[in-house]
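Novice: Generate coordinates for the sequence data below:
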Amino acid sequence: MNAPIKQVAAGVCLREGRILLAQRLLDDPHGYAGLWECAGGKVEPGESLAEALRREWKEELDLTAIVLMHLCSQEYRPGTEVHHFILELSGPLKHFPAKALAGEGFGWFTLKEARGLDSMPSMAHVLDTLEAMKLL
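Specialist: Okay, the predicted model is just below:
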């Protein structure tokens with residue numbers, strides 16, 4: 001019997017022509033050390049994709065996320081499917097950009113800058129989708 005597919009929810013936050021990306025830890029145990037991605041994480045049992053995304057953004061970035069719409073989904077490694085959602089941030093951003101609570105850090109990037117980063121395999125599809133939709 002096949003193991004269930006792991007679900008991952010990731011947030012795409014856009015502001016003033018830039019996308020917010022997080023950098024994975026340099027000692028990442030999954031082989032993605034230092035790569036850039038949209039912040040998010042695994043969906044816990046009983047959690048919806050949107051609930052997981054809000055929880056992960058609070059845990060990783062100490063930011064409150066409002067999920068607006070589904071952007072795209074894809075399998076990015078065997079047995080794991082990632083779902084990207086457009087979101088906006090709620091509340092004051094006085095501490096922003098601060099050091100990420102999980103990961104090496106984060107930053108805002110233009111489309112061209114984001115394409116030039118060493119990033120997770122799923123990011124090319126996300127950036128292509130954003131460009132095609134004229135969102136970035």
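
Novice: switch to C-alpha atoms for all contacts and neighbour counts from now on
Specialist: Will do.

Novice: all helices for the chain, in order.
Specialist: All helices of the chain, identified by DSSP state H, fall at 49-61, 111-115, 123-132.

Novice: remind me which residues of the chain are low pLDDT?
Specialist: 1, 91-103 (pLDDT under 70).

Novice: List the contacts of D118.
Specialist: For D118, the contacting residues are 34-36, by CA atoms under 8 Å, 6 or more residues apart in numbering.

Novice: brain fart, A22
Specialist: Taking CA under 8 Å, 6+ apart as the test, what A22 contacts is 36-39, 100, 103-107.

Novice: just those residues now: which is nearest R55?
Specialist: A39 (11.0 Å; CA to CA).

Novice: Where is the longest strand in the chain?
Specialist: strand 64-77 (DSSP state E).

Novice: quick one: it to helix 49-61, angle?
Specialist: 100 degrees (axes from the mean of the first three to the mean of the last three CA atoms, to 10 degrees).

Novice: Neighbouring strands of strand 64-77 in the sheet, and parallel or not?
Specialist: If you go by DSSP bridges, strand 64-77 pairs up with strand 80-90 (antiparallel).

Novice: What are the buried residues along the strand it pairs with?
Specialist: The neighbour-count check on strand 80-90 (16 or more other CA atoms under 10 Å) flags 81-88 as buried.

Novice: now what about it, what contacts it?
Specialist: Against strand 80-90 from outside (CA under 8 Å, 6+ apart): 5-14, 49, 63-76, 122, 126.

Novice: distance between that strand and the chain's centre?
Specialist: 6 Å (CA atoms, centre = their mean, to the nearest Å).

Novice: what does stretch 3-21 give?
Specialist: Offset of stretch 3-21 from its chain centre (CA atoms, centre = their mean): 3 Å.

Novice: Which positions within it qualify as buried?
Specialist: Within stretch 3-21, the residues scored as buried using 16+ other CA under 10 Å are 7-14, 18-21.
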